[in-house]
Structures are given as structure tokens and as C-alpha cells.
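In: Please work out how this folds:
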Amino acid sequence: MGNGRFDLLISGDWKNAPHGALPTAQNWWQKNVKLPNNLAPNATTFQIRVDKSLDEWDDRLPAFIYGIQRLAHERNFSVKRTEFPDALEQLLENTSEAISLAGESHDFQHGRNVKFIDFIGDCGIVLWKFFGGRVFMRRSDCIALLQQVGVSALPIVALISFLTGIILGFVGLIQLERFGAAIYVADLVGLAMAREMGAIMTGVIMAGRSGAAFAATIGTMKVNEELDALKTFGFSPMEFLVLPRLLAMVCMVPLLCVMSVLIGIAGGMVVAVALFNISAPQYIIETHSSVRLADFMIGVSKGTIFALLVGGIGCLRGLQCKKDAAGVGEAATSAVVSGITAIILADALFAFLCNAIRI
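Out: This is a model prediction of the structure:
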């Protein structure tokens, strides 16, 4: 340091050096940067130079430079890069926009386990930034997740919903036939599917399917230190991994709930028509007269809340995964159990609120 300036010259072998032989940004900073107590903010320039003989490197060099820049910016230094090879300068320039969008100073997890309250706060922040158009996520990831969460889940949702409708119809008809009111099975199946079972069955399926997949995917990335690599290059895991999954769930699960309701009503109609001599037009007219739009909207609203719960819990368990193979399995299991529990608790709260406001 001299005349209010730090000068870092990067040299050596940054391609063939064994793992651990090269310094990390944090270790180098602690060893070499000694700041006087009376140093004023923005009073120091941190200049980074690269030796002219250094023409080959691997990903450890840009990671080291980004780390130094982050530490310097945190201490209000003015950072300058000089004498950089054109290829290295181009690499840093190409990724600078992504790093500024992701927020270079945002260090998710801060070296500790992710806490539930912190995760909720981070979700709120990235959603706010998303609606403000200030997040970085790949469009291809969003499209793939929409297909994974929505289109690929449709067959199992349809099958379970159809069987649920059949069961509700069969049980209801056996009881209602005793009173000569078999036609009212349409009311029973329609209301049950629209208000409760459509959203619950879809949520449970998504917890076992997508929630576990989210936890396993992010957990595996944590075990392989891919999350650390993302943070080293300035990408926020919340924006790059969690946000696309939450958006995919919120977009597709309500649509799956609508399909679940319609297919469940069709299952009840199959039982009524095949076993109890009720015509299809009678069943459809009775369903139309008993199921209101408000009932449908309650189910869709539940589906949206369940989507946030399942997607958020799956991502949270993945981020909390231990760094071993067993931890990935534990994270996936915990995501399913926690997701289903959260769905039941949320549905109970919905039932209490709907009864309180008389809808």
C-alpha cells in the first residue's frame, strides 16, 4: 500500500497448480491487507494487475478476482483492473451484468444453515425484485420447470382425481339411496372436489413429486458445492434456483387444481350413470346448480397457497441439506412430510376462515 492505493499483481500458474495450492480471496485479504484505523471511506484505490506472462488459467482465477473485488467493495474501495489479458477481461465483462442483477453483496446463508424466517424474508425480497424486473434467472430453466411441474404431472393428477371422484360418488350414493335422494350425489361430489379434494389431492401429489424433486436437486447441488460456486460468481441461489421453482408452482398448480376438480366430477358421474341409473344430463344439471363460482375460486385459491408452501418447503429443505449423500435423501423425505403437513394445516385454517365469513 502506498499513496492511498493497494496494488495487487497476480502471477504464477493458475491452471496446473494442485488443489489448495492457490490462495483464496478471503485468505489473501486477511494476510496481506492491513488497514489503518483512520482510513476514510472511498479514500483508497485497489488496483488489480495481471502478470503479462500469465496467459492460461482455469475457473480459480476469475473466482479469486471476483472475491477480491467483493471484499474491496464491501470496504468502500475504488477497484481498478489494469493490464488484464483480453480474454480474461472479456470474461469478466460478460458476467458483470449478471452479477450486478444478482446483487454481489448478497451472501445467502452467510456460512450457516438457512433459517425458516430468513428464507421467508429472502423469498419476499426476490419476489419484489421479480415484479420490479431486477432479477437474474434463465428463461430456459423456467420453461423446463413449467413442463416438469405442470404437463408431466397431469397424468398422475388426473388418475388420482378420477379415482377420488369414483370413491366419493360410490360412498355418497350408497348412503343417499336409502333416502331416495341418489341424485344429490352430484352435489356431494361437486362441492367436495371444488372446495376441498381437488386442491388437497393436487397439493399432496405435488409435495410427493415436485417438492421432493426440488429438495433433491438443490441438495445435490449443495453436496457438489455448486451452490458455493454460484455464490462465488455473484449469483444468488434464491434468484437462480428458488424463484423459478416458486413461479412454476404458482403458475401450474392452480391449473392442475381446475383439471382435478373437473376430472373428479367426471369420476362421480361415471359411478352414478353406470351403477345407479342416473342419466349424465341429470348429473351435469344438478352439479351446475349446486357448485358456485365461489366454490371453484376457493379451491383455486387453496391450490395457489399449497403451491407456495410445497415449492418453498422443497427449496428450503434442499438448502438445509447436509453435505453428504444421506443428507439428500433426508432432505427429500423431510420436504414431503413437511409439505403434506403444511397443506393439512393450511386447509384447516381455510375451513375456519370460510366458516367465519360464511362462504
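
In: What are the boundaries of the strands in this protein?
Out: 5-10, 45-50, 78-82 (DSSP state E).

In: Return the helix or strand in this protein with minimum mean pLDDT.
Out: Least confident element among the helices and strands of the chain, by mean pLDDT, DSSP states H and E: helix 86-102 (a mean of 61).

In: Just give the nearest non-adjacent residue to residue 220, would you?
Out: Spatially, and ignoring its direct neighbours in sequence, residue 220 is nearest to residue 328 (5.6 Å; C-beta to C-beta, 6 or more residues apart in numbering). Just so you know, the C-beta spots here come from the backbone N, C-alpha and C atoms, and that holds for glycine as well.

In: Thought residue 219 was touching that neighbour, still the case?
Out: Yes: using C-beta atoms under 8 Å, residue 328 is in contact with residue 219, at 4.3 Å.

In: what do these two both touch?
Out: Contact with both residue 328 and residue 219 is made by residues residue 321, according to C-beta atoms under 8 Å, 6 or more residues apart in numbering.

In: neighbour count winner among these two?
Out: Of the pair residue 328 and residue 219, residue 219 is the one with more neighbours under other C-beta atoms under 10 Å, namely 28 against 22.

In: With residue 163 as the reference, measure out to the more buried one.
Out: 32 Å (C-beta to C-beta, to the nearest Å).

In: ok, now residue 213?
Out: 23 Å.

In: One more: residue 318?
Out: 31 Å.

In: between those two, who's got more neighbours?
Out: Neighbours were counted for residue 318 and for residue 163 using other C-beta under 10 Å; residue 318 has more, 31 against 14.

In: Check what pLDDT the closest residue in space to the more buried one that isn't next to it in sequence gets.
Out: Spatial nearest neighbour of residue 318, excluding adjacent residues (C-beta to C-beta, 6+ apart): residue 218 at 2.8 Å. Residue 218 carries a pLDDT value of 92.

In: how many neighbours does residue 73 have?
Out: For residue 73, using other C-beta under 10 Å, the count is 14.

In: Now stretch 239-254 - C-alpha only, CSV.
Out: Extracted C-alpha coordinates of stretch 239-254, given in CSV (Å, rounded to 0.1, in the frame of the first residue of the first chain):
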residue,chain,number,x,y,z
GLU,A,239,-32.9,-15.9,-7.7
PHE,A,240,-31.2,-18.5,-9.8
LEU,A,241,-32.7,-21.6,-8.2
VAL,A,242,-35.6,-20.9,-5.8
LEU,A,243,-37.5,-18.2,-7.7
PRO,A,244,-38.0,-20.2,-11.0
ARG,A,245,-39.4,-23.1,-9.0
LEU,A,246,-41.8,-21.0,-7.0
LEU,A,247,-43.1,-19.3,-10.1
ALA,A,248,-43.5,-22.6,-11.9
MET,A,249,-45.5,-24.0,-9.0
VAL,A,250,-47.7,-20.9,-8.7
CYS,A,251,-48.4,-20.9,-12.4
MET,A,252,-49.2,-24.6,-12.9
VAL,A,253,-50.7,-25.9,-9.6
PRO,A,254,-53.9,-23.8,-9.8
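
In: pLDDT averaged over it - what is it?
Out: pLDDT averaged over stretch 239-254 gives 92.

In: residue contacts, the residue nearest to residue 318?
Out: Per C-beta under 8 Å, 6+ apart, neighbours of residue 218: 227, 237, 241-242, 315, 318-319, 321.

In: try 7 Å this time
Out: Contacts for residue 218 (C-beta atoms under 7 Å, 6 or more residues apart in numbering) come out as 241, 315, 318-319.

In: Let me have those in a markdown table, extended by distance to residue 61.
Out: Formatted as a markdown table, these follow (distance: C-beta to C-beta, whole Å):
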| residue | distance to residue 61 |
| --- | --- |
| 241 | 25 |
| 315 | 31 |
| 318 | 30 |
| 319 | 28 |
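
In: Please list only the buried members of those residues.
Out: 241, 315, 318-319 (16 or more other C-beta atoms under 10 Å).

In: Which one of the residues you listed is nearest to residue 24?
Out: residue 319 (22.6 Å; C-beta to C-beta).

In: Looking at the closest one now. What's its pLDDT?
Out: 89.
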